[in-house]
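A.B. asks: give the three-dimensional model of this entry:
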Amino acid sequence: MSEATGAVEFGAAVSPLHRRIDADQYDEIYVVGDVHGCLDELRRLWTEMDPGEGDCVIFVGDLVRKGPASREVVEFVRDRDNATSVRGNNEAKVLNGEVSRPGLDPVREYIESLPVALSWDGGLVVHGGVDPTRPLASHGVEDLLETRSIPAGNGYDGPFWFEQYEGPPRVFFGHTVLDDPVDTQWAVGLDTGCVYGGSLTALATRSGEWFSVDAAQTHQQRADRKIVDPTA
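C.D. replies: Alright, predicted model coming up:
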């Protein structure tokens, strides 16, 4: 992937884990929601998107855990020259030993290589979100992985960061499970709960075209109160 320097700046904790790409090098930039080991749905979504060699496909993290094929999903992304991902909180849990997943040992080096933030002019991909009350330079790694509501302790009770954020840059994110994607001027939420029986969603950021495939099955149950209706 072509890299460039740019205007999005983080502090010392995040800067080594921030990757910058040159958007002008790509015909299209796709962003894909949380896969969580759902390989079959990922394959179907990829076929629907049909990205070319000149396109870039970025995943919002949480490639792993909860679904049946975490290692295979990581390998799918790793083995495609036009694909990459940011790190999600579930990748972080594997790397810091919070959960034990020996099956991921063969792809651990690739997971460790994933940035926490990936940006281009006007766009930023993180797993969780950003705190609209603070500058990006004050954010730590955990902020970008875990941010959901403001104040942070409110979880799925909200109000959510993306309801308050006014940019720039436009932030593409996962982590918060949604009935339907969030699509505002400054925030795009892509976790539509595939592993919970929802769907796997992607956006072509230049054309504005959405792609979605329904989950073949429910791999994990989730309480309704932890699935956000962004239109409510």
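A.B. asks: could you list the low-confidence segments of this protein?
C.D. replies: Applying pLDDT under 70 to the chain flags residues 1-6.
A.B. asks: where do the helices sit along it?
C.D. replies: 39-49, 70-78, 89-95, 108-113, 141-146, 161-164 (DSSP state H).
A.B. asks: and those as CSV, adding distance to residue 59?
C.D. replies: Every C-beta, even on glycine, is put in place using the N, C-alpha and C of the backbone. Shown next, in CSV, are the helices of the chain (distance: least, CB to CB, whole Å):
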stretch, distance to residue 59
helix 39-49, 9
helix 70-78, 6
helix 89-95, 11
helix 108-113, 12
helix 141-146, 14
helix 161-164, 18
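A.B. asks: need the ones you listed in TSV (columns: distance to residue 32 and mean neighbour count).
C.D. replies: Shown next, in TSV, are the helices of the chain (distance: least, CB to CB, whole Å; neighbours: other CB atoms under 10 Å):
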stretch	distance to residue 32	mean neighbour count
helix 39-49	7	18
helix 70-78	9	20
helix 89-95	15	21
helix 108-113	17	14
helix 141-146	17	21
helix 161-164	18	19
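A.B. asks: the residue nearest the centre of the chain and residue 184, how far apart?
C.D. replies: The centre of the chain sits closest to residue 60, judged by CA atoms, centre = their mean, with a distance of 1.2 Å. Going from residue 60 to residue 184 by CB to CB, to the nearest Å gives 16 Å.
A.B. asks: without its sequence neighbours, what residue ends up closest to the residue nearest to the centre of the chain?
C.D. replies: Nearest residue to residue 60, sequence neighbours excluded (CB to CB, 6 or more residues apart in numbering): residue 174, at 3.6 Å.
A.B. asks: now do the same contact list for residue 101.
C.D. replies: Shown in contact with residue 101 (CB atoms under 8 Å, 6 or more residues apart in numbering): 64, 65, 70, 94.
A.B. asks: quick check: phi and psi at it.
C.D. replies: phi -130, psi 80 (degrees, to the nearest 10).
A.B. asks: when you give positions from now on, start the count at 4
C.D. replies: Sounds good: first residue 4 from here, last item residue 104.
A.B. asks: if we can go back for a sec, out of the helices of the chain, which gets nearest to residue 213?
C.D. replies: For residue 213, the closest of the helices of the chain is helix 42-52, at 10.3 Å, according to CB to CB.
A.B. asks: against which helices or strands is the closest one packed?
C.D. replies: For helix 42-52, the packing partners by 3 or more CB pairs under 8 Å, 6 or more residues apart in numbering; DSSP states H and E come out as helix 73-81, strand 202-207, strand 213-217.
A.B. asks: which one of those lies closest to residue 36?
C.D. replies: Nearest to residue 36 among these is strand 202-207; the distance by CB to CB comes to 4.6 Å.
A.B. asks: closest to residue 157 out of the contacts of residue 104?
C.D. replies: residue 68 (23.8 Å).
A.B. asks: measure stretch 167-185 end to end?
C.D. replies: Its start and end residues considered, stretch 167-185 measures 13 Å (CA to CA, to the nearest Å).
A.B. asks: distance from it to the middle of the chain?
C.D. replies: Relative to the centre of its chain, stretch 167-185 is centred 10 Å away, using CA atoms, centre = their mean, to the nearest Å.
A.B. asks: show me the strands in this structure, by range?
C.D. replies: Using DSSP state E, the strands found in the chain span residues 21-23, 32-35, 59-62, 86-88, 120-123, 126-128, 173-176, 185-186, 190-192, 202-207, 213-217.
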